[in-house]
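J.: quick one, fold the following:
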Amino acid sequence: MSKTERLFQLLNLLRNRRRAITAQAIANVMEVSERTVYRDIQSLMLMGVPIDGEAGIGYRLKPDFQLPPLMFTNDELVALALGAKMVRAWGDNELGSSALAALEKIQAALPNRLNQHLEDIPLIAPPVNPHPQFSPHSQQLREAIRERRTVQMQYEKEDGESSQRLIHPLGMVFWGKVWTLLAWCELRDSYRSFRVDRIQKLTNTDQFFEIGPEKSLQHYLNSWCVQD
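T.: Have a look, this model is predicted:
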């Protein structure tokens, strides 16, 4: 790792903490020596970065200090660009447009040297074959997940039978061909998964649900691991 990249990493580490962090803790996270941490802290301070430090307590950025919004390493830019390409290829139309818009904003703010590097990334994420089928309710589902809003759903089961469900949408998973909604189903009083391309009708209700240790996306995923 170059010194510039190391300083960026140190700045981000300090920015993401409200309390002081010791030089030893910084060294452990960054996998460098304490001596290197002391030198890098001194370099940042000489550059005008307002760092408060106290022996035995640690270092922290002053609360009013704002970092520039774009400070990426080459590998971070590669990850961002590839992630945007994957969303465009495998997400629905709205997510694809948002990914493209985000990538254009990043490119507009980058210096020419890094911008050219972003355009030359030789990593491609083509659409899967067959292309995943998206429900016209994908955006509505994402909003319900974010707001923790209960939804009424009409769903076509694998045998073609239609089913009415009141669900608590928790998250969505892409399996390479289809998107699946993970939810708590009030009818079954248990977790259930639903293919989003089989949702026939979706209606938001005025009811909201809460997540907890026994009902959450993470709890659902943990139950999968236990079953395996």
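J.: kindly report the domain assignment for the chain.
T.: Residue ranges for the domains of the chain, per automatic domain parsing: 3-61, 74-119, 138-227.
J.: surely residue 205 meets residue 153?
T.: No: Residue 205 lies out of contact with residue 153 (C-beta atoms under 8 Å); the separation is 10.5 Å. C-beta: built from backbone N, CA, C; applies to glycine.
J.: which non-adjacent residue is nearest residue 19?
T.: Once flanking residues are discounted, residue 19 sits nearest to residue 60: 6.6 Å by C-beta to C-beta, 6 or more residues apart in numbering.
J.: mind listing the residues bridging to the one you found?
T.: residue 52 (DSSP bridges).
J.: follow-up on the earlier one: go through the domains of the chain and find the least confident stretch.
T.: Note on the domains of the chain: lowest mean pLDDT is at domain 74-119, with a mean of 77.
J.: and that domain, how far out from the chain's middle?
T.: In terms of C-alpha atoms, centre = their mean, to the nearest Å, the gap separating the centre of domain 74-119 from the centre of its chain is 14 Å.
J.: and the residue nearest the centre of the chain, what does it touch?
T.: In the chain, the residue lying closest to the centroid (C-alpha atoms, centre = their mean) is residue 83, at 10.3 Å. For residue 83, the contact set (C-beta atoms under 8 Å, 6 or more residues apart in numbering) comprises residue 99.
J.: please renumber so the chain begins at 10
T.: In the new numbering, first residue 10, that becomes residue 92.
J.: pretty sure residue 108 sits against residue 96.
T.: Yes: Residue 108 is within contact range of residue 96, at 3.9 Å (criterion: C-beta under 8 Å).
J.: what's the biggest strand in this protein, counting residues?
T.: strand 171-183 (DSSP state E).
J.: elements contacting the helix or strand following that strand?
T.: Toward the C-terminus, strand 171-183 is succeeded by strand 188-194 as the next helix or strand (DSSP states H and E). Using 3 or more C-beta pairs under 8 Å, 6 or more residues apart in numbering; DSSP states H and E, the elements in contact with strand 188-194 are strand 171-183, strand 199-204.
J.: quick one, helices of this protein?
T.: 12-24, 32-39, 43-55, 83-99, 102-118, 121-128, 147-156, 226-236 (DSSP state H).
J.: run a quick neighbour tally on residue 71.
T.: The number of residues packed near residue 71 is 9, by other C-beta atoms under 10 Å.
J.: pretty sure it contacts residue 58?
T.: No: contact criterion C-beta under 8 Å: residue 71 and residue 58 do not qualify, at 9.1 Å.
J.: any idea which of the helices and strands packed on strand 188-194 gets closest to residue 210?
T.: With C-beta to C-beta, the closest approach to residue 210 among the helices and strands packed on strand 188-194 belongs to strand 171-183: 9.2 Å.
J.: contacts for the closest one next, please.
T.: 99, 141, 150-151, 153-154, 157-166, 188-196, 201-203, 205, 209, 214, 218, 220, 224-226, 229.
J.: buried stuff in it?
T.: Within strand 171-183, the residues scored as buried using 16 or more other C-beta atoms under 10 Å are 174, 175, 176, 177, 178, 179, 180, 181.
J.: what's the closest of the residues you listed to residue 33?
T.: Nearest to residue 33, judged by C-beta to C-beta, of the buried residues of strand 171-183 is residue 180 at 37.6 Å.
J.: can you pull up the bridge partners for that closest one?
T.: The partner residues for residue 180, given DSSP bridges, come to residue 191.
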